[in-house]
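Asks: how would this look folded up:
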Amino acid sequence: MHFGKLYDAMLSTSLGPLDVALGEICYALLRGLVYAAGFLTVMQVLGLNLAWTAVLSLPAVLLIAFGFASLGMAITSYMTTFQQMDWIAIVMLPMFLLSATFFPISVYPEPVQWLIQAMPLWHGVELIRGLTTGQLSGGTWVHVAYFAAMIAVGLVATTRRLRALFLD
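Replies: Okay, here's the model as predicted:
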């Protein structure tokens, strides 16, 4: 963004900051969809008994990827050096390890459980787990709303930041 002046070139056309942000985010969505389709295919080939609702996990993956991509773009727009990108790993690694993917959330103390339930990856894991196993609950809509809020916050923050960086 800073060194290649790619966004400067894009914004010198009729594209606005939201258009640039959506272009970057759509690329991330496409990658997420391809990866998810691959995982579902492997699960099916290996004979894992997926529920009929597993088909809905593909749109859910797009929702999750949209949430992470929009918020991630907003956050990275504030980073000015490549070394600052390492900060993302400091947040992502604990989120990855504690998201109830590998261990049930019940093994953690209650205050840690609250912290885990506030993390976006936990909501994504629970949403996809519910869809692929067919064990849907009222909490499914909470997960969807969480990612809808992430998308809204991410898009607004990204648009404002890109406008401030390149147009003001």
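
Asks: Can you name the next helix or strand after the worst-scoring helix or strand of the chain on mean pLDDT?
Replies: With mean pLDDT, DSSP states H and E as the measure, the helix or strand of the chain carrying the lowest mean pLDDT is helix 6-11 (a mean of 70). Tracing the chain past helix 6-11, the next element assigned as helix or strand by DSSP states H and E is helix 17-45.

Asks: Quick one: list the elements packing against the helix or strand hosting Ala152.
Replies: In this structure, Ala152 is located in helix 139-166 according to DSSP H and E. The helices and strands touching helix 139-166, judged by 3 or more Cβ pairs under 8 Å, 6 or more residues apart in numbering; DSSP states H and E, are helix 6-11, helix 17-45, helix 57-76, helix 120-133. Quick note: C-beta positions are derived from backbone N, CA and C, even for glycine.

Asks: Could you list the buried residues of it?
Replies: Taking 16 or more other Cβ atoms under 10 Å as the neighbour-count basis, helix 139-166 is seen to contain the buried residues 140, 143, 146-147, 150-151, 154-155, 157-159, 161-162, 165-166.

Asks: Please apply the same query to stretch 98-113.
Replies: Buried positions in stretch 98-113, judged by neighbour count with 16+ other Cβ under 10 Å: Leu98, Ser99, Ala100, Gln113.

Asks: and the two most separated of the residues you listed?
Replies: Across the buried residues of stretch 98-113, no pair lies farther apart than Ser99 and Gln113, at 11.8 Å, counting by Cβ to Cβ.

Asks: Might you report the residue contacts of Leu71?
Replies: Pro120, Met150, Ile151, Val153, Gly154, Ala157 (Cβ atoms under 8 Å, 6 or more residues apart in numbering).

Asks: what's the answer for Thr158, then?
Replies: With Cβ under 8 Å, 6+ apart as the criterion, the residues that contact Thr158 are Pro17, Ala21, Ser70, Met73, Ala74, Ser77.

Asks: Sweet, I'm off.
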